[in-house]
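Visitor: got a predicted structure here, sequence first:
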Amino acid sequence: MAKDKPDVARLVDEAAKAIGLPIAPEYRANVILNVERSIAIAQPLLDVKLDDALTPAPVYRP
Amino acid sequence: MSDPLSKAATAGEIARAVATRKVKASAVIAAALERIEAAEPTVNAFTDIVAERAKKRAAEIDASKHHGPLAGVPFAVKNLFDIEGLPTRAGSKINVDGPKAVRDGALIRKLEAAGAILVGGLNMGEYAYDFTGENAHYGPSRNPHDPSRMTGGSSGGSGAAVAAGEVPLSLGSDTNGSIRVPSSLCGLFGLKPTYGRLSRAGSFPFVDSFDHLGPIARSTEDLALSFDAMQGPDPDDPVCTHMPADPTLPHLGEGLEGLRIAIAGDYFAKGGEPEAFEAVATVAKALDADKTVVLPQAAAARAAAYVITAMEGAQLHLPRLKARPQDFDPDTRERFMAGALLPGSWYVKAQRFRRHYRANVLKLFSEVDIVLAPATPCTAPKLGQVMMTLGGVELPVRASLGLFTQPISFIGLPVVVVPLQRRRGLPIGVQLIARPYNEKAALRVAAFLEKQGVASAPPV
């Protein structure tokens, strides 16, 4: 797992450029920290396997 | 029966006293405004007070022959609700430069049509991306039980104002737990209705997929009174129900008969401090509930709720993040920026998973009517606290206060939070979770617990 760890700093810099979001140097470290946290928190979702028939239900009804 | 002019008076008690002309609405409003003035230096719940408007409305009610079910009841709203003539802050500095609202939000109009009287707008975490009640622009709302501690958020002012007895009723919003977390930490009754059951028209959005509005109060009766007054379709909110209002108040006294109640196990039975689980055990004992059910894949549901929140919230605010990053609260800015950079495939997967999880959880509700779960993993943390230990693991406070609420709002289930006042220590809440559109069952159970003396919310 460790060797597959993404370079989050680079991801932040490049993705921010792609969407035209300037990130001031004083905010950058905390943005990187929050993307790292998001990757950790999202993991249980990313591990789920879903059937192809499961569409996102564009009109959501509880 | 409390004195209708005292801070202990509930909305129901005030409305009955006004309807029978035992007290004037004008006197109720004057008393509320005095209490607000006295408590604000400590609790910092309000950002806007509309005293003249409230006095005028009270005079109209006193002159009227017909009184609604909330006649003369002072209430206040999280400042993401539109209030005519004011900018809709949504906890931000940026929105203050925006247009002033030309009309009150739909739920304010409905409560006022029932006789209630708006007295002001309440403090909240910036743009509702918050579980703490802290705010860099307006200062934190402070917990009346201990002003050195958090109210919980993001409806922090909505919790503080009711717990301090400034008003008996407030409105908040709940995307991932923002009504339920402050209800738990401030020791109050809170209702997060079914997704789409109450109109969100005239409120500032956060995450359209999960945004809900609802009441916080000091009694179950007040939740039901206000919920019933706010129900009904509204074409101005595209997700609002087409179902007619279905009053809950007449059913509050029906007790537990016919209700199957179970305790949420697995995910909801770990990762919190002992007091969270002791509260669930106390409620379960009072309800004679011993069956445990498992909401399958709750951890993935929490992850999916987190992803959708981060990405929808960031997309909503992207123009402001580009143009005015320096004017954001530092505690929300970099989280919003991070959300704008996450992979789109996560978002789509989270939405697909929502349908899967919903189907599995609804199956469970063929066997039970009410599921019990902790509302928060702990009692109120200290203001400014960044990390906390939950179940022996060091975790960020901001992301973790909603651990037990996120997997529920993710699929829009209705929840009533009941507060337990602990003899030694701060209050904590328990979630009574029901199937969609069955708020009535959760409110019946809450009323039973209140009658038994298990749940209560005296003002501080």
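Guide: Yep, that arrived.

Visitor: give the residue spans of chain A that score low on pLDDT.
Guide: When residues are selected by pLDDT under 70, those of chain A lie in A:1-3, A:58-60.

Visitor: SS state for B:Ser170?
Guide: In three-state terms, and counting by DSSP: H, G, I helix; E, B strand; the rest coil, B:Ser170 is strand.

Visitor: which residues does it form a beta bridge with?
Guide: B:Ser170 has the following beta-bridge partners by DSSP bridges: B:Ala76, B:Ile216.

Visitor: and it, how many residues sit next to it?
Guide: With neighbours defined by other CB atoms under 10 Å in any protein chain shown, the count for B:Ser170 comes to 31. Any C-beta I mention is one placed from the backbone N, CA and C, and that applies to glycine too.

Visitor: off-centre distance for the biggest helix by length in chain B?
Guide: Longest among the helix segments of chain B by residue count, using DSSP state H, is helix B:298-323. Helix B:298-323 has its average C-alpha position 20 Å from the chain's average C-alpha position, going by CA atoms, centre = their mean, to the nearest Å.

Visitor: same question for stretch A:44-62.
Guide: Its chain's C-alpha centre lies 18 Å from the corresponding centre of stretch A:44-62 when counted by CA atoms, centre = their mean.

Visitor: and if you look at stretch B:48-62?
Guide: Between the mean C-alpha position of stretch B:48-62 and that of its chain there is a distance of 25 Å (CA atoms, centre = their mean).

Visitor: right, and the helix or strand after the longest helix of chain B?
Guide: Along the chain past helix B:298-323, the next helix or strand (assigned with DSSP states H and E) turns out to be helix B:330-339.

Visitor: the chain: helices as residue ranges?
Guide: By default, I'm working from chain A. Using DSSP H, the helices of chain A run over residues A:8-18, A:25-46.

Visitor: um, chain B though
Guide: If DSSP H is used as the criterion, the helices of chain B fall at B:11-19, B:25-43, B:51-63, B:106-113, B:156-163, B:180-186, B:220-230, B:274-286, B:298-323, B:330-339, B:344-364, B:397-400, B:406-409, B:439-451.

Visitor: quick one: these as a markdown table, columns for mean neighbour count and distance to B:Glu84 too.
Guide: As requested, the helices of chain B are arranged in a markdown table below (neighbours: other CB atoms under 10 Å in any protein chain shown; distance: least, CB to CB, whole Å):
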| stretch | mean neighbour count | distance to B:Glu84 |
| --- | --- | --- |
| helix B:11-19 | 24 | 22 |
| helix B:25-43 | 19 | 18 |
| helix B:51-63 | 17 | 8 |
| helix B:106-113 | 21 | 9 |
| helix B:156-163 | 36 | 19 |
| helix B:180-186 | 36 | 26 |
| helix B:220-230 | 26 | 18 |
| helix B:274-286 | 18 | 40 |
| helix B:298-323 | 22 | 24 |
| helix B:330-339 | 24 | 27 |
| helix B:344-364 | 18 | 35 |
| helix B:397-400 | 20 | 33 |
| helix B:406-409 | 28 | 29 |
| helix B:439-451 | 24 | 29 |
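
Visitor: can you list these in JSON lines and add distance to chain A and mean pLDDT?
Guide: Rendered in JSON lines, the data for the helices of chain B read as follows (distance: least, CB to the nearest CB, whole Å; pLDDT from 0 to 100):
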{"stretch": "helix B:11-19", "distance to chain A": "27", "mean pLDDT": "98"}
{"stretch": "helix B:25-43", "distance to chain A": "29", "mean pLDDT": "98"}
{"stretch": "helix B:51-63", "distance to chain A": "35", "mean pLDDT": "98"}
{"stretch": "helix B:106-113", "distance to chain A": "19", "mean pLDDT": "98"}
{"stretch": "helix B:156-163", "distance to chain A": "22", "mean pLDDT": "98"}
{"stretch": "helix B:180-186", "distance to chain A": "16", "mean pLDDT": "98"}
{"stretch": "helix B:220-230", "distance to chain A": "16", "mean pLDDT": "98"}
{"stretch": "helix B:274-286", "distance to chain A": "20", "mean pLDDT": "98"}
{"stretch": "helix B:298-323", "distance to chain A": "4", "mean pLDDT": "98"}
{"stretch": "helix B:330-339", "distance to chain A": "3", "mean pLDDT": "97"}
{"stretch": "helix B:344-364", "distance to chain A": "4", "mean pLDDT": "96"}
{"stretch": "helix B:397-400", "distance to chain A": "7", "mean pLDDT": "91"}
{"stretch": "helix B:406-409", "distance to chain A": "10", "mean pLDDT": "97"}
{"stretch": "helix B:439-451", "distance to chain A": "12", "mean pLDDT": "98"}
